[in-house]
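Engineer: Have a look; sequence and predicted model below, questions after that.
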Amino acid sequence: DAKTTQPPSMDCAEGRAANLPCNHSTISGNEYVYWYRQIHSQGPQYIIHGLKNNETNEMASLIITEDRKSSTLILPHATLRDTAVYYCIVSNWNNFNKFYFGSGTKLNVKP
Amino acid sequence: KAGVTQTPRYLIKTRGQQVTLSCSPISGHRSVSWYQQTPGQGLQFLFEYFSETQRNKGNFPGRFSGRQFSNSRSEMNVSTLELGDSALYLCASSLAQNRNYGYTFGSGTRLTVV
């Protein structure tokens, strides 16, 4: 019952910014937006999360629109090692341990 | 510090058998969740444990069960294995009340049912 919509795949040139969009038009007021990525055959890796303010950490930036119906994950300088499937998840804090992973976006970083 | 450890990494079982998978969370993490990943269904939530109690359960048949021990280590069991149970089983742990780091996943156990 994924509540998010992501493009199935995207390409990005190495060294350029990768902007991964996510639509979550039915998000409710107490739901957070989480981003994870999964490199082939490994467990998903936490990237970032936010409620309504933009967030930045050492890996990425998260931009959430004012109406919270969509967000964008930004990898400022993509490398070949960033090639992975990126998942956008929305979850109520009380239920945050039960994530619904959608199909994600396969990001292909090319040299 | 050590991450989430899942054992074994690979497992081959025959239809009808049962299997037990183990997960050791990051030290201090009290919440452990299990997920099944298949090419057709993607990542699906199985269940979540906190302080030895199951708090959440996904839509899986009763053949899938789990438990958590007092040291937060967790096991999941699948009885009467079917071919469709072949999957990557992932365990994840968190501090449960920590809003800053989300979940940390292990590398998974690859189960093949023949």
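Structural biologist: Now that the structure is in, tell me what you want to look at.
Engineer: Buried ones in stretch B:19-30, by neighbour count?
Structural biologist: Neighbour counts over stretch B:19-30 (16 or more other Cβ atoms under 10 Å in any protein chain shown) mark B:Val19, B:Leu21, B:Cys23, B:Ser24, B:Pro25, B:Ile26, B:His29, B:Arg30 as buried. To be clear about C-beta, it is placed using only N, CA and C from the backbone, and glycine gets the same treatment.
Engineer: I figured B:Gly58 hits B:Phe45, correct?
Structural biologist: Yes: using Cβ atoms under 8 Å, B:Gly58 is in contact with B:Phe45, at 4.1 Å.
Engineer: quick one: which of these two has more around it?
Structural biologist: B:Phe45 (21 against 16; other Cβ atoms under 10 Å in any protein chain shown).
Engineer: can you give me the offset of the helix or strand where the more buried one lies from its chain's centre?
Structural biologist: Counting by DSSP states H and E, the element that carries B:Phe45 is strand B:42-50. Here the centre of strand B:42-50 is set off from its chain's centre by 7 Å, with Cα atoms, centre = their mean, to the nearest Å.
Engineer: wait, does that strand make contact with chain A?
Structural biologist: Yes: Strand B:42-50 reaches chain A (Cβ under 8 Å from any Cβ of the partner chain) through B:Gly42, B:Leu43, B:Gln44, B:Phe45, B:Glu48, B:Phe50.
Engineer: what's the spacing between the closest residue to B:Arg63 other than its chain neighbours and chain A?
Structural biologist: Spatial nearest neighbour of B:Arg63, chain neighbours left out: B:Ser79 (4.9 Å); criterion: Cβ to Cβ, 6 or more residues apart in numbering or on different chains. According to Cβ to the nearest Cβ, to the nearest Å, B:Ser79 and chain A sit 23 Å apart.
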